[in-house]
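Peer 1: I'd like to go over a predicted model; first the sequence, then the structure.
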Amino acid sequence: MRILLISPTISGIGGIAQHVQGLKNFLEKKGNYVEIISSENTFTIPIKKLKNPSFMISSLFKSKFKKNFDIIHAQNPISALAMKNISGKKILSLQGNYSKQILLLHGQTAGSISKKLEKNALKWADEITVPSKEMYQEYVKNDYKVSYVPNAIDISSFSHDEDRRYQKQLIYAGRLSEEKGILDLLNFLKILSKDIHLIVLGSGPEESKVKVMAKIHPNLHFLGYQSKENTIKLIRGSDILIQPSLMEGGTSSTILEAMACKTPIITTSVDGNKDTIIHMKTGYVVASNNPPEIDNAVNYLFNNPEKLKIIINNAYDLVSNYDWEHVGQKYLDVYNSI
């Protein structure tokens with residue numbers, strides 16, 4: 001098949017970028033021809049509030065020159081306008097509730113505009129994919145043609161080396177933005193025991209706040225953006241991964257990576273995480289916006305090694321369902337069903 005993927009980005013450690021790269025690699029390994037339209041090969045204005053709108057317009061223009069594709073697969077509503085403009089079977093993947101994310105990050109006006117875009121994008125697609133069972137039920141209820149396809153990771157590519165720098169080492173890896181709970185994590189740092197060290201990886205709009213806190217707290221270590229290889233080594237070398245998200249579309253790739261690395265997880269019960277992280281079975285679940293609960297969870301996991309071992313093994317047994325070999329076939333099934 002000739003497949004065109006349309007995504008606002010394909011670089012960095014963000015969820016969509018990693019997902020598109022993983023999907024491209026899987027599809028090409030299966031003998032398909034794959035092209036990508038993204039901000040990396042299309043003009044965008046590098047200003048926060050203008051980057052997505054400029055990508056939507058420039059990708060629409062670029063789409064006019066794309067012909068003879070069997071599948072046009074847009075990765076979010078911003079990519080859907082270009083998808084609409086190209087002949088072929090059209091798939092829209094929703095990586096979360098786009099309009100709710102925009103509302104949280106940019107306010108009511110931007111949220112209302114994005115909701116209209118999202119509604120139109122759903123009409124343009126022949127089929128929709130969603131990364132969580134909760135989202136699947138919601139769209140089925142509203143009579144959309146939808147398939148549940150979870151997020152995925154390439155477990156076979158993971159290094160078995162680890163990077164441990166401190167006797168007690170916690171890690172956060174991901175986008176440094178409000179919806180990922182990074183501000184809760186910084187507040188948690190104020191009550192964290194001084195002998196426990198927190199490593200933070202990533203970049204994003206709240207990066208400056210992380211840097212300020214790192215100057216104040218000697219047990220906070222900000223390493224910025226790291227390669228996938230280095231990230232996996234640091235996750236594998238850590239005692240606990242903390243992912244205090246306020247919202248997720250599907251289970252984050254970082255959580256899946258920690259499961260594969262046998263690193264226990266503390267996270268929130270937001271949509272997406274619920275599919276994989278069950279409290280005291282495959283991880284430790286805390287309430288959003290509650291740093292004291294994070295602190296309680298850290299202390300519990302450090303002080304209960306037998307329970308910790310059970311949680312780690314349960315999570316490791318589950319994560320094979322989220323490998324690209326398994327999840328990628330689900331996308332091929334969707335492509336062939338239209």
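Peer 2: Cool, got the structure.

Peer 1: How is residue 171 assigned, secondary-structure-wise?
Peer 2: strand (DSSP: H, G, I helix; E, B strand; the rest coil).

Peer 1: do the same with the one 5 residues further on
Peer 2: For residue 176, the secondary-structure state derived from three-state DSSP is coil.

Peer 1: ok, and the closest non-adjacent residue to it?
Peer 2: Of all residues not flanking residue 176 in the chain, residue 204 sits nearest, at 3.5 Å (Cβ to Cβ, 6 or more residues apart in numbering). (Each C-beta comes from the backbone N, C-alpha and C, glycine too.)

Peer 1: per-residue confidence at that neighbour?
Peer 2: At residue 204, the model reports a pLDDT of 90.

Peer 1: count of residues packed around it?
Peer 2: 18 (other Cβ atoms under 10 Å).

Peer 1: now do residue 57
Peer 2: 15.

Peer 1: Need the phi and psi values for it.
Peer 2: phi -70, psi -50 (degrees, to the nearest 10).

Peer 1: What's the separation between it and residue 180?
Peer 2: 28 Å (Cβ to Cβ, to the nearest Å).

Peer 1: And residue 117, by the same measure?
Peer 2: In terms of Cβ to Cβ, residue 117 sits 23 Å off from residue 180.

Peer 1: The two: who's more crowded?
Peer 2: Counted by other Cβ under 10 Å, residue 117 and residue 180 do not tie: residue 180 has more neighbours, with 24 against 20.

Peer 1: so the more buried one touches residue 245, yeah?
Peer 2: Yes. At 5.4 Å, residue 180 counts as touching residue 245 under the criterion of Cβ atoms under 8 Å.

Peer 1: Burial check on the closest residue in space to residue 6 that isn't next to it in sequence, number of neighbours?
Peer 2: Nearest residue to residue 6, sequence neighbours excluded (Cβ to Cβ, 6+ apart): residue 79, at 3.9 Å. Counted with other Cβ under 10 Å, residues neighbouring residue 79 total 29.

Peer 1: Residue 79 is in contact with residue 7, isn't it?
Peer 2: Yes. Using Cβ under 8 Å, residue 79 makes contact with residue 7 at a distance of 6.0 Å.

Peer 1: Need the overlap of contacts for these two.
Peer 2: Both residue 79 and residue 7 are in contact with residue 37, where contact means Cβ atoms under 8 Å, 6 or more residues apart in numbering.

Peer 1: Figure out the helix or strand that residue 92 lives in.
Peer 2: If you go by DSSP states H and E, residue 92 is part of strand 89-93.

Peer 1: what's that strand packed up against?
Peer 2: strand 71-74, helix 77-84, helix 108-124, strand 127-130, helix 324-337 (3 or more Cβ pairs under 8 Å, 6 or more residues apart in numbering; DSSP states H and E).

Peer 1: For residue 40, find the nearest of those.
Peer 2: Among these, the nearest to residue 40 by Cβ to Cβ is helix 77-84 (13.4 Å).

Peer 1: got the angle between the closest one and strand 89-93?
Peer 2: If you take axes from the mean of the first three to the mean of the last three Cα atoms, to 10 degrees, helix 77-84 sits at 180 degrees to strand 89-93.

Peer 1: got the residue ranges for the strands in the stretch 151-300 of the chain?
Peer 2: With strands called from DSSP state E, counting those that start in this stretch, the stretch 151-300 of the chain shows them at 169-173, 197-201, 220-224, 240-243, 265-268, 284-286.

Peer 1: What residue spans form the domains of the protein?
Peer 2: 2-152+323-337, 155-322 (automatic domain parsing).

Peer 1: Could you tell me the least trusted of those?
Peer 2: When I compare the domains of the chain, domain 2-152+323-337 is least confident, with a mean of 88.

Peer 1: Now do stretch 168-175: everything it contacts.
Peer 2: By Cβ under 8 Å, 6+ apart, stretch 168-175 touches 13-15, 180, 182, 185, 195-204, 226, 231, 234-235, 237-243, 252, 254, 257, 263, 298, 302.
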